[in-house]
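Student: missing the sequence, but the structure's below:
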């Protein structure tokens with residue numbers, strides 16, 4: 001169970017960087033609910049959204065591990081920045097392919113950190 005929490009934390013940490021890198025994309029979104037959730041995490045997510053979050057988080061954790069190795073092997077700051085940007089692009093793609101937008105993914109991540117019952121539900125979804 002701690003491993004799953006660590007995966008979610010790694011995914012959220014990584015995606016936090018992606019959210020900043022793709023701020024223009026989310027600002028252009030025409031879905032007002034998506035931008036509203038970024039400001040205040042909603043506690044009322046559907047089971048489908050939680051499942052999408054769980055699935056995306058697992059993929060993001062794998063990407064994060066892969067890119068962490070590349071980051072450590074990078075020779076200078078510019079190479080590290082390129083690795084970070086590539087990793088962020090991959091993670092954003094995973095989130096969007098899951099059916100969520102980055103703001104909603106991050107809002108769910110914040111919500112599960114504050115709600116142990118929701119965290120448990122998401123962990124169970126990830127394990128099934």
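Tutor: Looks like it came in fine. Computed from a prediction, not measured in an experiment: that's the story for all the values here. Numbers count the residues shown, from 1 in each chain.
Student: max-length helix in this protein?
Tutor: Longest helix in the chain, counting residues (DSSP state H): helix 47-73.
Student: mind listing what's buried in that one?
Tutor: Buried residues in helix 47-73, counted by 16 or more other Cβ atoms under 10 Å: 49-61, 63-64, 67, 71. Placement of C-beta: from N, CA and C, glycine included.
Student: what's the answer for stretch 107-118, then?
Tutor: 107-112, 118.
Student: check contacts around residue 75.
Tutor: Taking Cβ atoms under 8 Å, 6 or more residues apart in numbering, we find residue 75 in contact with no residue.
Student: try residue 52
Tutor: Applying Cβ under 8 Å, 6+ apart, the residues near residue 52 are 98-100.
Student: and for residue 53?
Tutor: Residue 53 is in contact with 45, 98, 100, 105, 108-109, 112, 122, counting by Cβ under 8 Å, 6+ apart.
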